[in-house]
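S.K.: build me a model:
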Amino acid sequence: MQTHSRTRTLVINALVAAIYVVLSYFPGVFNLASGAIQFRISEALNHLVAFNRKYLYGVLVGVVLYNALFSPMGWLDVLFGGGQSLLGLGLVALVGPRLAKVWQRQLLTVCSMSLTMFLIWIEIVLTAHMTWFGGASMLTLGELILSELVIMLISWPIMYAIDRAVRFSQRIS
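M.R.: Prediction:
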């Protein structure tokens, strides 16, 4: 039974990664998946970690794959984007199980993923040769945090409603 459970977890995470790449690709066509304003519909999948921390692997692999295949920044986006996802979702995976209610874990996910956008800001400042605390740099940081916050807040009730029907936690256990 243990092998069946591991295989199931692996397959579900592979599907999550594939869905992440597909959902990122379409906003990427309109240049909304990279840069200072990022509106990746796929970021809604971050909420999966609030339901079960085993989803962290699928989301992380999806981020890395999308950035490796389609990001104009290439390996830098793999490093910084993957790092941001690992840091933000890692926090949810570590702290989330201590929170009794799903809404608390989802709120943690919203805050964690929005605030860790500072890593993407560091990447943009370094590659655009911006001053660290100049007006354009601070505007970029604000845009990054706000764009992540918006997509995470919009997707929060949607993912909650989907969970009521699908039961994410039970699918991967």
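S.K.: is Val61 part of a helix or strand, or is it coil?
M.R.: helix (DSSP: H, G, I helix; E, B strand; the rest coil).
S.K.: contacts only, for it.
M.R.: By C-beta atoms under 8 Å, 6 or more residues apart in numbering, the residues touching Val61 are Asn13, Ala14, Val16, Ala17, Tyr20. In this view, the C-beta of every residue, glycine as well, is placed from N, C-alpha and C.
S.K.: can you check which helix is longest in the protein?
M.R.: helix 135-166 (DSSP state H).
S.K.: which stretches in the protein count as helices?
M.R.: 2-29, 48-51, 56-70, 75-95, 102-115, 118-128, 135-166, 168-172.
S.K.: what comes up buried for the first one?
M.R.: This means helix 2-29. Of all the residues in helix 2-29, those buried under the rule 16 or more other C-beta atoms under 10 Å are 9, 12-13, 16-17, 19-21, 23-25, 27-28.
S.K.: what is the burial count for the nearest residue to Leu141 once chain neighbours are set aside?
M.R.: Leaving aside its chain neighbours, Leu141 sits nearest to Trp121 (4.4 Å; criterion: C-beta to C-beta, 6 or more residues apart in numbering). As a burial measure, Trp121 scores 22 neighbours (other C-beta atoms under 10 Å).
S.K.: what of Lys101?
M.R.: For Lys101, using other C-beta under 10 Å, the count is 8.
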